[in-house]
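> below are the sequence and a predicted model; questions follow.
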Amino acid sequence: MEFEIRSDLYKREKYLEKIRGFYHECEIIKVLSGVRRCGKSSIMNLIAAELIGSGVSKENILYFNLDKKPFDKITTADELDSLIEEYGSVPGKKYLFIDEIQNVDGFEPVINAWREEGDFSIFITGSNSYLLSGELVTKLTGRYIEFNILPLTFEEYLAVKQFLGKTVSSDNMAELRSYIYEGGFPYVLRLGSMKDKRRYVQNLVDEIYEKDIRRRVKIKNRAAFDTVLRYVVNNFGSATSLQNIADDLTRSGIPIKRTTVDRYVNALVSAKVIMSCERFDMRSRRSLSGEKKYYLSDLSFYYALNTDNRINFGPVLENIVYSYAASKDYSISVGRIGKLECDFILRDDSMNYSYVQVAYTVLADKETEDREYRTLESISGDNYPKYLLTTDHLIQKRNGIIHANLMEFVKNEKEF
């Protein structure tokens, strides 16, 4: 088996730079998680290519994609162990890459045993967070590090279009609309028509259900699950509780228990289809139980599951900012100050905070401007920066709040 370097892959530097410091670490397993088809396999291929470019022999690259032939029949721990043993006898440090490892039942002891050999740097990917449950957590505490991979953020979307030789408009708003409709799954950009792009994502939803949800969660009624899926997707960016979902569906003629909704929503979070955002009371400095907001890992899920092509810019722009902040590893929550709500409170690794409000425009009229600034102006007691991100090209200065054009902010990969 000889690893083949691909030349058709865009170099997703925002993730590679996070992982490089661990390339040669044999003690720590590198886990790349993310929704199916978000680009995890491509990033692993790029890592292997960088290792070869730095002088590692191709013989020392052991690369197994368990979703593709000839390795798609590997489903048991013993089969996986035998596969690694067959190819892992070369001298020196080996770099072991296993793609979609959740296809193997009970893989954890096998991976742990090869890690303990001391000359294997191990990289694994999985399409759901069950990968980081059970034995992997209990046996490998402190011995793995997770890198959460997202579909393309707006600036990556533009860069990949250029990489593929496609025209990128100088009109940021036009490109933002295209990004909203097409979404950020890398392969979508290789497809021509919007009809093909939508069909691709629709098929992806079915694939996620079959491979990442149904195999892990007992679902008696597919129709009820699909109803919960559509409810959460159609209400992304809105504060809601599991009880509210159950009550709303019951009133609409679909009786469902809260515990069932809980199980289905957790399955969607685990499969990385949606991302949950906790609410935080800024006066008591405590997390609020009950209501949460859910954002989509990719906006294309909304348009693939709906015939409505209108853009509700409020939640859509929030979703774009949420994904961008998540791609930069900020901890994210929704802030409440009395009756007011701050769209996002962000915290970085150094425990620095920033406050972010997102709106389509603040230049429509004075009432709109006052409403969007009011929340940020009501935050007192610290000197952390406050941002108002809009699609406005004219920038408003007010009380030290940083008003920025959302598209330019993301395109230039600004930090909060």
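Ah, there it is. A quick note: this is a predicted structure, and the numbers were derived from the prediction, not measured.
> contacts for the strand ranked longest in the chain?
In the chain, with assignment by DSSP state E, the single longest strand is strand 286-296. Contact with strand 286-296 is made by 232-233, 235-241, 244, 265, 269, 273-281, 302, 318-319, 322-323, 333-334, 336, as judged by CB atoms under 8 Å, 6 or more residues apart in numbering. Just so you know, the C-beta spots here come from the backbone N, C-alpha and C atoms, and that holds for glycine as well.
> which PyMOL command selects the buried ones in those residues?
Selection of buried members from the contacts of strand 286-296 for PyMOL, criterion 16 or more other CB atoms under 10 Å:
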select buried, resi 232+233+235+236+237+239+240+244+265+269+273+274+275+277+279+280+302+318+319+322+323+333+334+336
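> returning to that earlier point: in its sheet, what does the longest strand of the chain sit against?
Strand 286-296 sits in its sheet next to strand 239-240 (antiparallel), strand 274-281 (antiparallel), going by DSSP bridges.
> average pLDDT for the last one?
Right, the one you point to is strand 274-281. Average pLDDT, strand 274-281: 90.
> check contacts around V35.
127, 150-151, 208, 271-273, 297-298.
> phi and psi next, for it.
With angles defined as degrees, to the nearest 10, V35 sits at phi -60, psi 150.
> domains in the chain, as residue ranges please.
13-148, 154-277+288-308 (automatic domain parsing).
> what is the end-to-end distance of the last one?
Across its full length, domain 154-277+288-308 reaches 22 Å end to end, with CA to CA, to the nearest Å as the criterion.
> okay, the strands paired with strand 286-296 in TSV with distance to A49 next?
What follows is the strands paired with strand 286-296, written out as TSV (distance: least, CB to CB, whole Å):
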stretch	distance to A49
strand 239-240	43
strand 274-281	30
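> gap between the most centrally placed residue in the chain and L176?
By CA atoms, centre = their mean, the chain has its centre lying nearest to L150, at 3.3 Å. With distances taken as CB to CB, to the nearest Å, L150 is found 17 Å from L176.
> next: T307.
In terms of CB to CB, T307 sits 22 Å off from L176.
> which one's more surrounded, those two?
L176 (22 against 5; other CB atoms under 10 Å).
> now the element after the least confident helix or strand in the chain by mean pLDDT, going C-ward?
The helix or strand of the chain with the poorest confidence is helix 135-139; it has a mean of 62 (mean pLDDT, DSSP states H and E). Using DSSP states H and E, the helix or strand that follows helix 135-139 in sequence is strand 144-148.
> and that next one, C-alpha only, in CSV?
The C-alpha trace of strand 144-148 is given here as CSV (Å, rounded to 0.1, in the frame of the first residue of the first chain):
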residue,chain,number,x,y,z
TYR,A,144,-6.3,12.5,22.7
ILE,A,145,-7.1,15.9,21.3
GLU,A,146,-10.1,16.8,19.2
PHE,A,147,-10.2,19.1,16.3
ASN,A,148,-13.7,20.1,15.2
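> which other helices and strands contact that strand?
Judged by 3 or more CB pairs under 8 Å, 6 or more residues apart in numbering; DSSP states H and E, strand 144-148 is in contact with helix 13-19, strand 29-33.
> figure out how far the longest one is from the centre of its chain.
When distances are taken as CA atoms, centre = their mean, to the nearest Å, helix 13-19 is centred 15 Å away from the chain's centroid.
> could you do stretch 38-47 as well?
Using CA atoms, centre = their mean, the offset of stretch 38-47 from its chain centre is 14 Å.
> and the residue lying farthest from the centre of the chain, which of the three is it?
Within the chain, the residue lying farthest from the chain centre (CA atoms, centre = their mean) is P91, at 37.1 Å. The three-state label given to P91 by DSSP: H, G, I helix; E, B strand; the rest coil is coil.
> my guess is S41 contacts T125. True?
Yes: look at S41 against T125 with CB atoms under 8 Å: they come within range, at 6.7 Å.
> low-scoring stretches of the chain, by residue?
In the predicted model, the chain carries pLDDT under 70 at residues 1-2, 128-142, 283-285, 287-288.
> could you pull out the strands for it?
Using DSSP E, strands in the chain cover 29-33, 61-65, 94-99, 120-126, 144-148, 239-240, 274-281, 286-296, 331-337, 340-347, 353-358, 386-390, 402-405.
> need those strands in JSON lines with distance to P255, can you?
As requested, the strands of the chain are exported to JSON lines (distance: least, CB to CB, whole Å):
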{"stretch": "strand 29-33", "distance to P255": "34"}
{"stretch": "strand 61-65", "distance to P255": "43"}
{"stretch": "strand 94-99", "distance to P255": "41"}
{"stretch": "strand 120-126", "distance to P255": "34"}
{"stretch": "strand 144-148", "distance to P255": "36"}
{"stretch": "strand 239-240", "distance to P255": "18"}
{"stretch": "strand 274-281", "distance to P255": "23"}
{"stretch": "strand 286-296", "distance to P255": "22"}
{"stretch": "strand 331-337", "distance to P255": "30"}
{"stretch": "strand 340-347", "distance to P255": "32"}
{"stretch": "strand 353-358", "distance to P255": "36"}
{"stretch": "strand 386-390", "distance to P255": "41"}
{"stretch": "strand 402-405", "distance to P255": "47"}
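> good, we can wrap up now.
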